[in-house]
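Enquirer: Sequence first, predicted coordinates after that:
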Amino acid sequence: MFIVWGRKLVYRKLGHVADFCPICRKPRPFALQRIGSAGHVYYITVSQGELVGYERTCLKCQTTFNAEPTQYAKVVPKPLPWNDMVRQTFPTLHEAWADRLALEQQVRDNPHTLSAQDRHALIRNPFLLLSPKVEKRFASTHMDKEVGFALLGAVVLLIAVPALARAVVPDQAEVGVLVAMGLGASLVVWQIAMSGSRFMRRQVVPVLAQCLQPLQPTPGELQAVMAELKTLKHKMGSKLKLPELYAQLKMKARGSAG
Ligand SMILES: [Zn+2]
């Protein structure tokens, strides 16, 4: 008998804390998780595994960052009203993040008074923070609903085309099976290939645009960051389409002006 075993990452929810989100550019509630590496048999684990680290996920933008649980006074099981949440979990949040909060105030009030160095760092930062999410996505094949529909379409083709072939050209029915298999496979491969750009368009570009919009970055500033990401061989450098980001930034600028 073939036994599937090995190690896998186990994520255990620890509760909720308040902290600063560099993507939202504001203090936010977070879900805190412990990551362990545990042995599995048929993907079933019985322990929380050896400690690998901790992460926190912003409840607003869903971006995940590394976390250090010892910095929180307490971890609460459920998100509380905001002031209680800060008081109980991270009472020194505003002091601990004072410099960053002052910089964010300047971003909101007058982004063009920032020093060139601060601007570059603030524009570059969200790309680097979202990069692990992009790397993780492209490390393996993922199914989205369009890939699901393509698989369903392939099954329908495999049933319909041979049946049609048997009815129309009974002596060539096996050709119908081959045609259906070819069409179905192409459909699925095509949709898997397209799913990467859908992921970027739906889950990365809007978050990035929301984060960058207050800075009103110029195309030149964005191109400089993209060139750097390409040099560093981040998947983000090749998978992100700048025209899509420009379009979203324009839409958000119109939304906030109107
Ligand atoms: Zn956030």
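Expert: Looks like it arrived, so ask away. Fair warning: this is a prediction, and the values are worked out from it, not measured in the lab. Numbers count the residues shown, from 1 in each chain.
Enquirer: show me the contacts for Leu32.
Expert: Lys13, Leu14, Gly15, His16, Val17, Tyr54, Glu55, Arg56, Ala67, Pro69, Tyr72, Val75 (Cβ atoms under 8 Å, 6 or more residues apart in numbering). The C-beta positions use only the backbone N, C-alpha and C, and glycine is treated the same way.
Enquirer: so which of the residues you listed would you say is closest to Met194?
Expert: Checking the contacts of Leu32 against Met194 by Cβ to Cβ gives Glu55 as the nearest, at 29.6 Å.
Enquirer: Could I get the contacting residues of Gln33?
Expert: The neighbours of Gln33, taking Cβ under 8 Å, 6+ apart as the test, are Tyr11, Arg12, Lys13, Leu14, Tyr54, Glu55, Arg56, Thr57, Ala67.
Enquirer: Spell out the residue ranges of the strands in the stretch 101-250 of the chain.
Expert: Using DSSP state E, counting those that start in this stretch, the stretch 101-250 of the chain contains no strands.
Enquirer: Residue numbers of it in contact with the ion?
Expert: Nowhere does the stretch 101-250 of the chain come near the ion, counting by Cβ under 5 Å from the ion.
Enquirer: Which member of the contacts of Leu32 is positioned nearest His142?
Expert: For these, the nearest to His142 is Glu55 (19.9 Å; Cβ to Cβ).
Enquirer: How is this structure divided into domains?
Expert: Per the record, the chain has its domains at 5-109, 138-257, by automatic domain parsing.
Enquirer: between these, which gets the lowest average pLDDT?
Expert: If the domains of the chain are sorted by mean pLDDT, domain 138-257 sits at the bottom with a mean of 89.
Enquirer: those helices in the stretch 51-200 of the chain, which residues are they?
Expert: For the stretch 51-200 of the chain, the helices defined by DSSP state H, counting those that start in this stretch occupy 82-89, 93-96, 98-109, 116-138, 145-168, 173-199.
Enquirer: Between helix 116-138 and the third one, find me the angle.
Expert: When you say that, I think you mean helix 98-109. 100 degrees (axes from the mean of the first three to the mean of the last three Cα atoms, to 10 degrees).
Enquirer: Helix 98-109: how far from the chain's middle?
Expert: Put simply, helix 98-109 sits 25 Å off its chain's centre (Cα atoms, centre = their mean, to the nearest Å).
Enquirer: Select from the contacts of Leu32 the one having the most neighbours.
Expert: Within the contacts of Leu32, neighbour counts (other Cβ atoms under 10 Å) peak at Val17, which reaches 26 neighbours.
Enquirer: so how many other residues sit close to the residue nearest to that residue when sequence neighbours are not counted?
Expert: Excluding its sequence neighbours, the residue lying closest to Val17 (Cβ to Cβ, 6 or more residues apart in numbering) is Thr89, at 4.2 Å. As a burial measure, Thr89 scores 24 neighbours (other Cβ under 10 Å).
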